[in-house]
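# My questions are about this predicted structure, shown below with the sequence.
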2 protein chains.
Amino acid sequence: MGVTKTQNFTEGQNQIAAYAKALAHPARVAILQYLLKKQTCICGDLVGELPLAQATVSQHLKELKAVGLITGTVEGTSVCYCIDKHKWEEVRDVFFNIFSSNVECQDSCC
Amino acid sequence: MGVTKTQNFTEGQNQIAAYAKALAHPARVAILQYLLKKQTCICGDLVGELPLAQATVSQHLKELKAVGLITGTVEGTSVCYCIDKHKWEEVRDVFFNIFSSNVECQDSCC
DNA sequence: TTATTATAACGCAATATTACGATTAAAACT
DNA sequence: AGTTTTAATCGTAATATTGCGTTATAATAA
């Protein structure tokens, strides 16, 4: 079907899945890494940084905006992209939380 | 097209995307959380824990196995599922690494 | 005003993902 | 041998995602 049965899982599980999905494409990872590296807003040619057409980049930006990880404020002709610090830390904490569990299996089969 | 142009991105970017994709579905998150909570192998009814049909659960397990996050060893009639400690820590480190970057934007637009 | 530039939105084609019924396979009983 | 249990695989349908050409849109420049 291609449709996820979100209603049968907890809010937390759906949230982790949604955040993970935002990172589940190399182009979106590249966008975030670029914004992190620059430590500033990118007002302008983010398209030139990626091996994809403008329309495709715009779509990935839209998805990152949809989960709230980045913001895009209009600055004259161009748009200023920024990582949303608050959301970034929220997503970080969600991942830190699940990965803080230690894997300690006592069984012989592992 | 639905096909990701992985060859145009770095290995690191593709790796993060692949790991994120493994977590990008609430059922797979639920499976991992359950295995983490139990702190042991689950030999048996993992299907009963999820609101999905057996075939669907099996498919999600297959994806988690494909990225190496879990292992499944046959134990008689049933299969013993376990989180792969080594891989788990590797994935954790990959996420910790990207999220360790601080967001420090000096621009006025943010 | 008109051209230019930058980016978003629309629409299409191709591929991927999700879900599940049905089937198959393998081990453990009886 | 036949039955039961458990889980993988197959086949199919529906929806989602990816990518891009094209078309708006909006601000600046000439």
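Yep, that arrived. Numbers count the residues shown, from 1 in each chain, chains lettered A, B, ... in the order given.
# for the helix or strand of chain A with the lowest mean pLDDT, packing partners?
Every helix and strand in chain A was compared by mean pLDDT, DSSP states H and E; the lowest is strand A:42-43, with a mean of 84. Other elements packing on strand A:42-43 under the criterion 3 or more Cβ pairs under 8 Å, 6 or more residues apart in numbering or on different chains; DSSP states H and E are strand A:78-83. Just so you know, the C-beta spots here come from the backbone N, C-alpha and C atoms, and that holds for glycine as well.
# near DNA strand C, anything from the strand it packs on?
Yes - Strand A:78-83 comes into contact with DNA strand C (Cβ under 7 Å from any atom of the strand), by way of A:78, A:79.
# What is that strand packed up against?
If contacts are counted by 3+ Cβ pairs under 8 Å, 6+ apart, strand A:78-83 sits against helix A:26-38, strand A:42-43, strand A:70-75.
# Residue A:16 is nearest to which of the ones you listed?
Smallest distance to residue A:16 across these (Cβ to Cβ): 16.4 Å, for helix A:26-38.
# Does the closest one reach DNA strand D?
Yes - on the criterion Cβ under 7 Å from any atom of the strand, helix A:26-38 is in touch with DNA strand D at residue A:27.
# can I get the CA coordinates of that helix in PDB?
Extracted as PDB, the C-alpha positions of helix A:26-38 are listed here (Å, rounded to 0.1, in the frame of the first residue of the first chain):
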ATOM      1  CA  PRO A  26      21.800  11.900   1.200                       C
ATOM      2  CA  ALA A  27      20.800  15.200  -0.300                       C
ATOM      3  CA  ARG A  28      19.100  16.300   2.900                       C
ATOM      4  CA  VAL A  29      22.100  15.100   4.900                       C
ATOM      5  CA  ALA A  30      24.300  17.200   2.600                       C
ATOM      6  CA  ILE A  31      22.100  20.300   3.000                       C
ATOM      7  CA  LEU A  32      22.200  20.000   6.800                       C
ATOM      8  CA  GLN A  33      26.000  19.400   6.900                       C
ATOM      9  CA  TYR A  34      26.500  22.400   4.600                       C
ATOM     10  CA  LEU A  35      24.500  24.600   6.900                       C
ATOM     11  CA  LEU A  36      26.300  23.300  10.000                       C
ATOM     12  CA  LYS A  37      29.700  23.800   8.400                       C
ATOM     13  CA  LYS A  38      29.000  27.300   7.400                       C
END
